[in-house]
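K.L.:
need coordinates for the following:
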Amino acid sequence: MFTHGPLAQEPPHIRLIRLRQPETVDGAVADSRPAVSLDIKHETLDRASGNYVALSYVWGDVKANPVNILVNGQQFQIGRNLHDALVALQDKEQVCQSWIWVDSLCIHQSNDTEKTTQVALMGDIFRQAFMVCSWLGASSQDVDTAMDFISTLGRPAVEAGALEPTAMELLRNFDKYVDDRTNQSQTAGEAQVMDDAQMRLCSAFWDLVSNFQLDDLQKQESITRGLQALLLKDYWHRVWIIQEAALNDNTMLFCGNKVLSIDAFEAVLESRRLIWTVSTKTSLRRKAMRGIFDGTPANSGDITALAVRTDRRHGFPIRLPALIVRFDVGPGRPHYSATDPRDIVSGLLGIVTDKEQLGLQPDYTQTASQILTTLTRALFEKDDTRCFCLDNVVPRSPGDPNLLGLPSWVPDWPRIGSGKTGNDAWAMNSRGLFDATPGTRQKSYVPDIQQAAQNPTVLIRRGCYVDVITEVMEPPRYIARDEWSASMVANAPEWLQRVVEFTGLGPEISSADDHVWRTLLGDRMLLPDSKANPSTVAESRAWLHRHFLRQIRPKVQDLPENVARDMLDGLYNIAIMKEPEMASDLEKQLEFLTTELPEQAGALNRGRTLFKTEQGVESPIVLKRLSSGPEGERFWFKGDVHVDGIMRGEFLETKPAEAVFHLV
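P.N.:
So this is what the prediction gives:
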């Protein structure tokens, strides 16, 4: 059995493997020998730079389906997908004679110290390779057809500048180019003068979009099936892929026996967005969404690795929160995934530009809980974008199964990455319309820092007590078409009726209803028409929402005279004509009714669950007191909440006393 020898540390060394050609007997491969045989060597990273290929692939479950290979003539086990990739590369002339870097073979996976050191080098390893081979897995006839199609159309678009930062500017006259190309200009004198760069890119895009719809419907359907299969490959959501596919300009996609430039693939997907941005022609926009894209979700091309590749090409900063903070439903696949949850951090540090600011380093001597806790604390305390704060954390009950052993204030990052229905829980103030603690920020107190250093699982926060929750309403039941579709309340009318009963509203519609619908809507209140008088629109909204809450369809003739014009100018149609869609969104916003259930299930539950206003967090926070000790009271985080009447700092005006909260 092959075992890894120790790697020298200074200067940094890596291992590289090279494929041996299969042994043959009378011209045939010997069946008794493993299909893959490798040489392995140690080399300094500097000396190897530019002289090896880096392989990017999905690990899969190695233990479930191991395959034997030979490394320096000795047995070694790898996963089936890696084995298939190495077999495929044996037939690729540009790779088979090269030295190759493969993480599972070139890193001693059982040595956590070496693994930590080598993972820290992975950004440089992929950046310095002369080519990155991205193995997507097995192919099919449809996938082969799609890859040929993409290569034929995508390559000219790339050469014309489709992926360059100037692409949108070069395409600004695309509609006029199309008119000229299709003889729709009224006179020759109206022809738009373009320089060569504009002409090349407009021509390439016209060829690209024109071929989205083919005369050969059978071929078009085959391309569609193949494209969908490519977009749903597990490869795209593996967290390591984000840096592996983004760091090297010479990256090729390998699928079965086909090879495709990742730039050509990106150009075809990017063309859909660009057409919608630069063109006002309905016919062109339809072309960009139909044809080979028929039946393909509009967000299916949202591939994080490609977005990061674009940002790197344009010189934009690549921030860790932008890669892992996701609250939307995935595009038919997870946003990101990792067999080892620690990889959610380690797998991205080679590409992000805020690694030093956040103070994060790969460390496989720590547990997943330790790594994810350190990550969350860094986002709270060191990320100046503040795109992920305590009110973004989806709460869990103390009794919920938590295999990672995470503190209550640390989100389940693997679950967020899964992108499945039910995980898309937005903060109450996701639109930034409220601020319950204006002008405050969490301060760093020496005693708090010392206690956190002694017990990193405790989050110490300062704020003030507001009130005690005594009753909690049972949440509605949600349904979804599938695991990648937004969920909806199963019976919205029944749920609204229960809200009215639970809150004790009177039998008649009145202004007393306003605090209830404001809580239901949170920061998702209908936006007023820009031309309307704000005070008038505010009244029209209140009038409309009182009716919606009671499930009474308003009549136009019942509108107050001073708000009729504004209501008819848009609010009425938005609220009434799209009532089911609005209902499915509005009910989900009542976080303290839907996510703050104590342990027992029931329509009502009485308990001592506190909620507080935390300094620097824009929404009140719900806490459940667990115990008291020498270090102070310990609380379980229960989520953010909309509390009508204090969402704009009103409670702080009462000068409440500051308190210290220990979240565990």
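K.L.:
tell me the domain boundaries of the protein?
P.N.:
According to automatic domain parsing, the chain comprises the domains 13-129, 141-232+262-314, 337-475+598-664, 483-593.
K.L.:
tell me which of those sits nearest to Phe254.
P.N.:
Nearest to Phe254 among these is domain 13-129 (6.2 Å), distances taken as C-beta to C-beta. For every residue, glycine as well, the C-beta is placed using N, CA and C.
K.L.:
can you pull the buried residues of stretch 39-52?
P.N.:
By 16 or more other C-beta atoms under 10 Å, the buried positions in stretch 39-52 come out as 40, 43, 45, 48, 52.
K.L.:
and the helices in the stretch 251-400 of the chain?
P.N.:
Ranges of helices within the stretch 251-400 of the chain are 262-278, 282-289, 304-314, 320-324, 343-346, 355-358, 368-381, based on DSSP state H, counting those that start in this stretch.
K.L.:
mean pLDDT lowest where, among the ones you listed?
P.N.:
Among the helices of the stretch 251-400 of the chain, helix 282-289 carries the lowest mean pLDDT, a mean of 78.
K.L.:
show residues contacting that one.
P.N.:
Residues from elsewhere that reach helix 282-289, judged by C-beta atoms under 8 Å, 6 or more residues apart in numbering: 175, 178, 209-210, 212-213, 271-272, 275-276, 279, 298.
K.L.:
before we move on, what about stretch 373-388?
P.N.:
With C-beta under 8 Å, 6+ apart, stretch 373-388 has contacts from 319-322, 325, 344-345, 354, 357-360, 366, 389-390, 393, 406-407, 409-411, 413, 442, 444, 452, 456-457, 459.
K.L.:
in the chain, what secondary structure element scores lowest on mean pLDDT?
P.N.:
Using mean pLDDT, DSSP states H and E, helix 591-594 stands out as the lowest-scoring helix or strand of the chain, at a mean of 30.
K.L.:
I'd like to know which elements the biggest helix by length in the chain is packed against.
P.N.:
The longest helix of the chain (DSSP state H) is helix 141-159. Helices and strands touching helix 141-159, by 3 or more C-beta pairs under 8 Å, 6 or more residues apart in numbering; DSSP states H and E, are helix 196-210, helix 217-231, strand 251-255, strand 258-261, helix 262-278.
K.L.:
quick revisit: same list (the domains of the chain) but as JSON lines, adding distance to Phe254.
P.N.:
Formatted as JSON lines, the domains of the chain follow (distance: least, C-beta to C-beta, whole Å):
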{"stretch": "domain 13-129", "distance to Phe254": "6"}
{"stretch": "domain 141-232+262-314", "distance to Phe254": "10"}
{"stretch": "domain 337-475+598-664", "distance to Phe254": "21"}
{"stretch": "domain 483-593", "distance to Phe254": "27"}
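K.L.:
of those, which is nearest Asn248?
P.N.:
It's domain 13-129; of the domains of the chain, that one is closest to Asn248 (C-beta to C-beta) at 5.6 Å.
K.L.:
Ala54 contacts Trp99, doesn't it?
P.N.:
No. Using C-beta atoms under 8 Å, Ala54 is not in contact with Trp99, being 10.3 Å away.
K.L.:
these two: who's more crowded?
P.N.:
Ala54 (25 against 18; other C-beta atoms under 10 Å).
K.L.:
quick one: contacts for the more buried one?
P.N.:
Here Ala54 is in contact with 100-101, 125-126, 129, 131-133, 244, 248 (C-beta under 8 Å, 6+ apart).
K.L.:
can I assume it sits in a helix?
P.N.:
No. Counting by DSSP: H, G, I helix; E, B strand; the rest coil, Ala54 is not part of a helix but strand.
K.L.:
now do the contacts for the nearest residue to it once chain neighbours are set aside.
P.N.:
Among residues not flanking Ala54 along the chain, Ala129 sits closest, at 3.8 Å (C-beta to C-beta, 6 or more residues apart in numbering). When contacts are counted by C-beta under 8 Å, 6+ apart, Ala129 touches 50, 52-54, 101, 248.
K.L.:
and Ala129, backbone torsions?
P.N.:
phi -70, psi 150 (degrees, to the nearest 10).
K.L.:
buried sites along the strand with the most length in the chain?
P.N.:
As assigned by DSSP state E, the longest strand anywhere in the chain is strand 459-469. Judged by neighbour count using 16+ other C-beta under 10 Å, the buried positions of strand 459-469 are 459-464, 466, 469.
K.L.:
low-confidence ranges, the protein, go.
P.N.:
Under the criterion pLDDT under 70, the flagged ranges of the chain are 22-33, 184-193, 422-425, 442-449, 523-538, 540, 554-609, 629-631.
K.L.:
ok so, going back, what angle do the longest helix of the chain and helix 196-210 make?
P.N.:
160 degrees (axes from the mean of the first three to the mean of the last three C-alpha atoms, to 10 degrees).
K.L.:
for the helices and strands packed on helix 141-159, give me CSV that also has distance to Ser397 and mean neighbour count.
P.N.:
Output for the helices and strands packed on helix 141-159, formatted as CSV (distance: least, C-beta to C-beta, whole Å; neighbours: other C-beta atoms under 10 Å):
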stretch, distance to Ser397, mean neighbour count
helix 196-210, 51, 19
helix 217-231, 36, 19
strand 251-255, 43, 23
strand 258-261, 47, 18
helix 262-278, 41, 21
